[in-house]
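Visitor: What shape does this take:
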Amino acid sequence: MKKSELEEYWNASVNSGTIPAKSKRLIKRIYKCNFITACDALHERQKLKERIQAHAEGDEVGYWYSSTDCDHCTFTSFYTLPATVMHWVQRERTIFEAIEGATYMVIKRPSEESEYSTSFRDGIAEAYENGHAHVVYQ
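Guide: Numbering: from 1, shown residues only. The predicted model follows:
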């Protein structure tokens, strides 16, 4: 359907105050084209594959992982895994099934591991030690 026809249907629907059946079908079609295909799982996997290949060194890829749980404990670390989409998806699912708070994962090169340090910070314990156990400052 041409853009001019689309505008014609839209203007007629808006001016008349009702949306005819033909316009409803057209709106559903536009919605499917613009939103559903934009979130196509196969396309997302292809983009993931390209990102993994861009960051792979040998047959490994690294990822930096940061998470905060419900007790305000913050954990960051760097890991490596085989440079395949399925390994990434399995690791992502494993992590996201067990999260309790904000979590962030990003693909990195394995050689960048020295730039990221492993850390653990207990926000509740720090608040207690600093004399304000009723408020946690991050």
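Visitor: Show me the strands in the protein, by range?
Guide: For the chain, the strands defined by DSSP state E cover 60-68, 73-82, 103-108, 119-122.
Visitor: Contact partners for residue 109?
Guide: Residue 109 is in contact with 55-57, 61-62, counting by CB atoms under 8 Å, 6 or more residues apart in numbering. From N, CA and C alone the C-beta is placed, and that goes for glycine too.
Visitor: thought residue 91 was touching residue 82?
Guide: No. Residue 91 is beyond contact range of residue 82, at 9.9 Å (criterion: CB atoms under 8 Å).
Visitor: where exactly do the helices run in this structure?
Guide: Along the chain, counting by DSSP state H, helices occupy 3-16, 21-31, 41-55, 85-98, 123-129.
Visitor: what's the least confident stretch among those helices?
Guide: Of all the helices of the chain, helix 3-16 carries the lowest average pLDDT, namely a mean of 65.
Visitor: got the domain boundaries for the chain?
Guide: 3-39, 58-129 (automatic domain parsing).
Visitor: related to what we said a few turns ago, among the contacts of residue 109, which two are most distant?
Guide: The two members of the contacts of residue 109 with the most space between them (CB to CB) are 56 and 62, at 9.3 Å.
Visitor: higher neighbour count, those two?
Guide: Between residue 56 and residue 62, residue 62 has the larger neighbour count (other CB atoms under 10 Å), namely 21 against 17.
Visitor: What pLDDT does the model give the more buried one?
Guide: Residue 62 is assigned a pLDDT of 92 by the prediction.
Visitor: ok, now residue 78?
Guide: pLDDT for residue 78: 91.
Visitor: contacting residues for it?
Guide: Counting by CB under 8 Å, 6+ apart, residue 78 has contacts 62-65, 108, 112-113, 116, 118.
Visitor: if we go to 6 Å?
Guide: Neighbouring residues of residue 78 by CB atoms under 6 Å, 6 or more residues apart in numbering: 64, 113, 116.
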